[in-house]
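Asks: what shape does this take:
(one chain, ligands or ions: 1)
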Amino acid sequence: MTCLAHERQSEDRAGNSSLKGSAHALDERYSRQILFRGIGAEGQRKLAAARVAIVGCGATGSALAGLLARAGVGTLRIVDRDYVEPSNLQRQSLFDEQDAAESLPKAIAAARKIAAFNSGIVIEPKVEDLVPANIEALLEGMSLVLDGTDNFETRYLINDYAVERSLPWIYSAAVGSYAVTLNILPGETACLACIFPDSPRGMVETCETSGILNSAVNLVASIAATEALKLVVEVPQVRRTLLSFDVWTNEHAEISAAKPRPGCRACGERDFIHLAGEGRPHITMCGRNSVQIHERHRPIDFAEMDRRLQPHGMVRHNDFVLKFWHDPYEMTLFPDGRAIIKGTTDTAVARSLYARYVGS
Ligand SMILES: [Zn+2]
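Replies: Next up, the predicted model:
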C-alpha cells in the first residue's frame, strides 16, 4: 500500500471531515493513549466517532470536558446555563481571569478553551438551562450523557430521559471533600432513582454552603471520565457500584448497583414524573442569594436593552450576556430572556425587578 492510499484509508476510517490534520498527526497526538492496551487503535476510532453530552460545565463539567476533549472524543456537547465568575477559578479548570472579567457563558468559554488545545474535535456549546421542554433537543443524538450539574432536580430529569431512551449516563457529584459517582446503564444496572428515590439529605448541602476542594472534583471527574472511555470503547470492566470518597478523611465506600431496585419509580414503573415537568417552578433559587427567572421565549436585543437600562444603573453586555447593576441587585440576562438575579432570595423581589426592567 502506498503512503497516500494508507492515509486516505485512515481518514475514511476516522469518518469525520471535521477532523483536521493528517492521519499521521492524529496517530501522533493520541499515540500514548493508543499504546494503552485497553484503548488501542480501534478504541481510538470509537472515541473519534463518539458523541458525548456534558450537562453543567462548572468544576466537574470542566474537568470532564477537558479530559474527554484531550482523549479525542469526536463530538462534545456542553450544556450550561451560567457565566464565569471569579469565585469559579479555584476549581473550574477550563476558565481564566479574562473569562470572569467578561462574564462569558461557561459553555462558550469552555468551547474556546478546548479549541485552543484540540481543534480536531467538534464542540457544541449550548448556553441553556436543561429543562423538560428542551431536554430532547439538547440531548438527542448523544450516545452518552455525563453529569456536571450541581442539583438533583436536573439529575432526576436526566435520569428519566436516559432510562426512557435506554441511554447510558454517569452521575457525578462533589461537595466539600466528598465525591460520589455512579454509572447508569438502563436495563442493566440500578438507575439514580433506584439508589436515591428522593434527593439524599446529606447532599442538599451545596458548594455555596460547604465549600469545595478542587481535588475532590478532579478525583470524581477522573473516575467518571475513565468510565466514559470504557463505555465508548465497549469493554466489560465498566463499574457497577456507587462509589464514594472523602479525600480529607480518607473514608471511601462502594455499594452494589448491579441490579435495578424492584419497584423503582423510573426504571421499574417507568413513571417519568421529572420528564413530565411536574411541579417545576418558573422561578427557582439558584445558589446562595440568587434567583433564576426561567424564560426561554423572550428574545432580547442587547444593544437596545443596554440603552434602556442606562439611566437605572451600570450596564455592560457582550454577544452572550448583559449585566445590569441596580444596587443591591445584579441581573444577568441571556439572549433568550432567561435571567439570574443576585442579591435576593425572594422570588417576588426578583420577579418584580425583572418585570420592571425587562418585561412582565
Ligand atoms: Zn431505577
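Asks: with adjacent residues omitted, what lies nearest to residue 115?
Replies: Using CB to CB, 6 or more residues apart in numbering and skipping the chain neighbours, the partner closest in space to residue 115 is residue 123 (6.5 Å). Every C-beta, even on glycine, is put in place using the N, C-alpha and C of the backbone.
Asks: now for that neighbour, how many residues are close by?
Replies: For residue 123, the count of nearby residues is 21 (other CB atoms under 10 Å).
Asks: and residue 256, by the same measure?
Replies: Residue 256 sits with 10 neighbouring residues when counted by other CB under 10 Å.
Asks: tell me where the longest helix sits in the protein.
Replies: Assignment by DSSP state H gives helix 214-233 as the longest helix of the chain.
Asks: returning to what we had before: for the one helix or strand the residue nearest to residue 115 maps to, name the packing helices and strands.
Replies: Per DSSP states H and E, residue 123 falls inside strand 122-126. Helices and strands touching strand 122-126, by 3 or more CB pairs under 8 Å, 6 or more residues apart in numbering; DSSP states H and E, are strand 75-79, helix 106-117.
Asks: what stretches of the stretch 51-200 of the chain score poorly on pLDDT?
Replies: For the stretch 51-200 of the chain, applying pLDDT under 70 flags the ranges 200.
Asks: could you give the mean pLDDT of the longest helix of the chain?
Replies: Taken as a whole, helix 214-233 carries a mean pLDDT of 98.
Asks: what segments of the stretch 101-250 of the chain are helices?
Replies: Under the criterion DSSP state H, counting those that start in this stretch, helices of the stretch 101-250 of the chain are mapped to 106-117, 135-139, 152-165, 192-195, 207-210, 214-233.
Asks: now mean neighbour count and distance to residue 348 too, for those, in TSV please.
Replies: Putting the helices of the stretch 101-250 of the chain into TSV (neighbours: other CB atoms under 10 Å; distance: least, CB to CB, whole Å) gives the following:
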stretch	mean neighbour count	distance to residue 348
helix 106-117	21	28
helix 135-139	17	28
helix 152-165	22	21
helix 192-195	23	33
helix 207-210	14	21
helix 214-233	22	35
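Asks: which one, of the ones you listed, ends up nearest to the ion?
Replies: helix 192-195 (3.4 Å; CB to the ion).
Asks: please save the CA atoms from that closest one in CSV.
Replies: Provided in CSV are the C-alpha atoms of helix 192-195 (Å, rounded to 0.1, in the frame of the first residue of the first chain):
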residue,chain,number,x,y,z
LEU,A,192,-30.3,7.1,40.1
ALA,A,193,-33.9,6.7,41.4
CYS,A,194,-33.2,3.1,42.4
ILE,A,195,-30.5,4.3,44.7
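Asks: that one close to the ion?
Replies: Yes - residues of helix 192-195 contacting the ion under CB under 5 Å from the ion: 193, 194.
Asks: which residues does the residue nearest to residue 229 when sequence neighbours are not counted contact?
Replies: Among residues not flanking residue 229 along the chain, residue 71 sits closest, at 6.3 Å (CB to CB, 6+ apart). If you count contacts by CB atoms under 8 Å, 6 or more residues apart in numbering, residue 71 has them with 30, 33, 47, 225, 229.
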